[in-house]
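Q: next one to model:
(2 chains)
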Amino acid sequence: MNGLVSIFITMALINNFILSKFLGLCPFFGVSKRLGNAVSMGIAVIIVMFFASIATWALYSYILVPFHIEYMQIVLYILVIASLVQIIEMAIRRTNIALYNALGIYLPLITTNCAVLGIALINTQENYSLIETMISSLGAGAGFTLALIIMSGIREKLELCKAPRSLRGLPIAFVTAALLGLAFFAFGGMG
Amino acid sequence: MSLFKEFKKGIIDLNPTFVLVLGLCPTLAVSTSIDNAIGMGISATFVLVCSNAIISAIRKFVPRMVRIPTFIVIIATFVTIVQITLQAYLPPLYEALGIYVPLIVVNCIILGRAEAFASKNPVLNSIVDGIGIGTGFTFALILISFLREVLGTGRLVIFGHKIFELPVLSKHPLLIFILPPGAFLVIALILGLFRHTGMMRSE
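A: Numbering: from 1, shown residues only, chains lettered A, B, ... in the order given. You can find the predicted model right below:
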């Protein structure tokens, strides 16, 4: 039990996907202008990460390892993730049209989000069991969403401030991310 | 002449990092030392050139509906080649780059060039485009990692050869630049500088 909690905390805070591993930066800067969008994107990423981790775990343990084709890892993982995103998109459209309208445009973007492939590769690398894989993907998704929501809150306020002209927009967002990263760095002491 | 133009545009006008602001994840993650930057730059360039060549060669046979999955499988194949090669011949570099080698697959620069250029242009142009964009990416990586390594450790070491050592900084290095927040800070300032010079030129 203790181990699972520590995996969750490590993934969510200490090794925060965005601020210390630099995974998923495109949505982080692209979708963090409005709080509402950030929340939708965060939820979409958590869902996809969770199911992609389980699917790639099963793929690795039941197909790649028994048949000794570990070198096919990258090709198969990306195919599984891409098809999974399609399936999740269809499932959400069938079951909950309101959620689909909120998340719709973010789901296809997630296919090429390095955070999703990243969590699958990290889980494989760390040799996690199924339960550990589930917890670590939830932790990574939670950390991603947390950073995205904090960032969008700051950026909404930041738009009202007068930044130097050449730093407006993306550069000032990077400076904000640097300060946020410093704050998150303090969690390193917890490990 | 036009081929040279294709090459040059990737380095300056369409610099993937500073102008298009694509492929940031590996850029920020591996730019802690010049060695890693060169390793990542060459790996990504290799994948970019090879996948551009293949995609451009088969561009007339691939139905439009399935082009993106096709591109991704081709890119993933070359990434696997790079990964296995690094693992076999340069294990220390492979260890240092870690999961960022397989993550070249989802680097938006490569898929972006496949979609925007290679799927519409002849093979030779696509290869040159790949070399140009790859060189631009490598330059950007080297610039960022140069600043981070020099400020963060006070010395510059390339493949085990010490190039120089700064007197005060090497005793009291600005550690933040080696840490993740430093990556954001360096790229913020470089982007600002690019914008600033761009504005000065247009005025």
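Q: whichever strand or helix holds B:Phe164 pairs with which strands?
A: Under the criterion of DSSP states H and E, B:Phe164 resides in strand B:161-165. Using DSSP bridges, the strands paired with strand B:161-165 are strand B:155-158 (antiparallel).
Q: next SSE downstream of the strand holding B:Phe164?
A: helix B:180-202.
Q: now that following helix, how far from the centre of its chain.
A: Remark: helix B:180-202 is offset 17 Å from the chain centroid, using CA atoms, centre = their mean, to the nearest Å.
Q: ok, that helix near chain A or not?
A: Yes. Using CB under 8 Å from any CB of the partner chain, helix B:180-202 reaches chain A at B:180-185, B:187-189, B:191-193, B:195-196, B:199. C-betas here are computed from N, CA, C, even on glycine.
Q: okay, who's weakest in those by pLDDT?
A: Ranked by pLDDT, these bottom out at B:Met199 (80).
Q: and for A:Asn123, nearest residue in space, chain neighbours not counted?
A: A:Thr133 (4.7 Å; CB to CB, 6 or more residues apart in numbering or on different chains).
Q: stretch A:8-27: end-to-end distance?
A: 22 Å (CA to CA, to the nearest Å).
Q: longest helix of chain A, counting residues only.
A: helix A:130-158 (DSSP state H).
Q: just the buried positions in the following helix or strand past it, please.
A: As assigned by DSSP H and E, the chain's next helix or strand after helix A:130-158 is helix A:170-185. Residues A:171-178, A:180-182, A:184-185 are the ones in helix A:170-185 that count as buried (16 or more other CB atoms under 10 Å in any protein chain shown).
Q: what's the separation between the residue nearest the centre of chain B and B:Tyr100?
A: For chain B, the residue nearest the mean C-alpha position is B:Phe137 (3.5 Å; CA atoms, centre = their mean). Separation of B:Phe137 from B:Tyr100 (CB to CB, to the nearest Å) stands at 13 Å.
Q: the helix or strand bottoming out on mean pLDDT in chain A: how far from the chain's middle?
A: Among the helical and strand segments of chain A, the one scoring lowest on mean pLDDT, DSSP states H and E is helix A:106-110, with a mean of 72. Helix A:106-110 sits 12 Å away from the centroid of its parent chain (CA atoms, centre = their mean).
Q: residues making contact with it?
A: A:27, A:31, A:40-41, A:44-45, A:48, A:85, A:88-89, A:92, A:116 (CB atoms under 8 Å, 6 or more residues apart in numbering or on different chains).
Q: top of those by neighbour count?
A: Within these, most neighbours by other CB atoms under 10 Å in any protein chain shown means A:Val116, with 31 neighbours.
Q: so what's that one up against?
A: A:45, A:48-49, A:52, A:81, A:110.
Q: got the angle for the helix or strand containing it vs helix A:130-158?
A: A:Val116 belongs to helix A:114-125 when assigned by DSSP H and E. Angle, helix A:114-125 to helix A:130-158, by axes from the mean of the first three to the mean of the last three CA atoms, to 10 degrees: 150 degrees.
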